[in-house]
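J.: All I have is the shape, not the residue letters:
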């Protein structure tokens, strides 16, 4: 079965520091992977997605993620954190739920806090 | 374009009562999803509609939860009777197609926060 594991439920960084949010996947077939962001009291917003094209994926708000098959990882990074990046981040994998149906399975999330 | 609209934003009920949530997807989006997000967890898909037909309801607790999308546009999710463990945020999302975000992203509403006393 395919799933994702997010390492670290809470990450705290200083403004201007590197952001690294970790996600590992388990999959018997090449996965499709996503990162979503959720701001307080809001729904989820897609940051970026990996669909087996380039292994380095660039998303919105300066975020990017690299798909590493050898490490079964899809970590999210941003070179310089901004106060507005404070939010919860979810890694997700697309699963086949039978026939031609698919669904997203989300990790438990990582709360990012940015200190001034 | 207008986003996914959900109401109410907050609801507090006692256990064993019933509750209903409403979702209006983005105009033209054929696929509609209901997710349950329990505190400290990622969203879990409850049900997926393609137009007015159910594509996946494998994780919907059918003894107490029901959902409909009669005209293929807006949708309602109902819980009857509610249990304490149903306390969560219920998110609605929509997308142009059913590819789960490969070609067209899912757009999420702001959710309904349900508290069961």
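T.: On my side now, so go ahead. Remember, it's a predicted structure, so these values are computed and weren't measured experimentally.

J.: which neighbours does the worst-scoring helix or strand of chain A on mean pLDDT have in its sheet, and in what orientation?
T.: Within chain A, no helix or strand scores below strand A:101-106, which has a mean of 82 by mean pLDDT, DSSP states H and E. Next to strand A:101-106 in the sheet, as set by DSSP bridges, lie strand A:87-98 (antiparallel).

J.: isn't there a helix covering residue A:84?
T.: Yes: with the criterion set as DSSP: H, G, I helix; E, B strand; the rest coil, the secondary structure at residue A:84 is a helix.

J.: Next one: it relative to residue A:10, how far apart?
T.: 18 Å (CB to CB, to the nearest Å). Bear in mind the C-beta positions are built from the backbone N, C-alpha and C, glycine included.

J.: repeat for residue B:95
T.: Counting by CB to CB - residue B:95 and residue A:10 are separated by 30 Å.

J.: Check residue B:76 too.
T.: Between residue B:76 and residue A:10 the distance is 35 Å, computed by CB to CB.

J.: Neighbour count: these two, which is higher?
T.: Taking neighbours as other CB atoms under 10 Å in any protein chain shown, residue B:76 and residue A:10 compare with residue B:76 leading, 14 against 10.

J.: Tell me the confidence at the more buried one?
T.: Here, the pLDDT recorded for residue B:76 equals 97.

J.: Equivalent analysis for residue A:53, please.
T.: Turning to residue A:53, the model gives it a pLDDT of 76.

J.: burial measure for the closest residue in space to residue A:59 that isn't next to it in sequence, as a count.
T.: Nearest in space to residue A:59, with sequence neighbours left out and distances taken as CB to CB, 6 or more residues apart in numbering or on different chains, is residue A:48 at 2.9 Å. If you count neighbours by other CB under 10 Å, residue A:48 ends up with 19.

J.: What of the one 10 residues further on?
T.: Other residues near residue A:58 number 11, with proximity taken as other CB under 10 Å.
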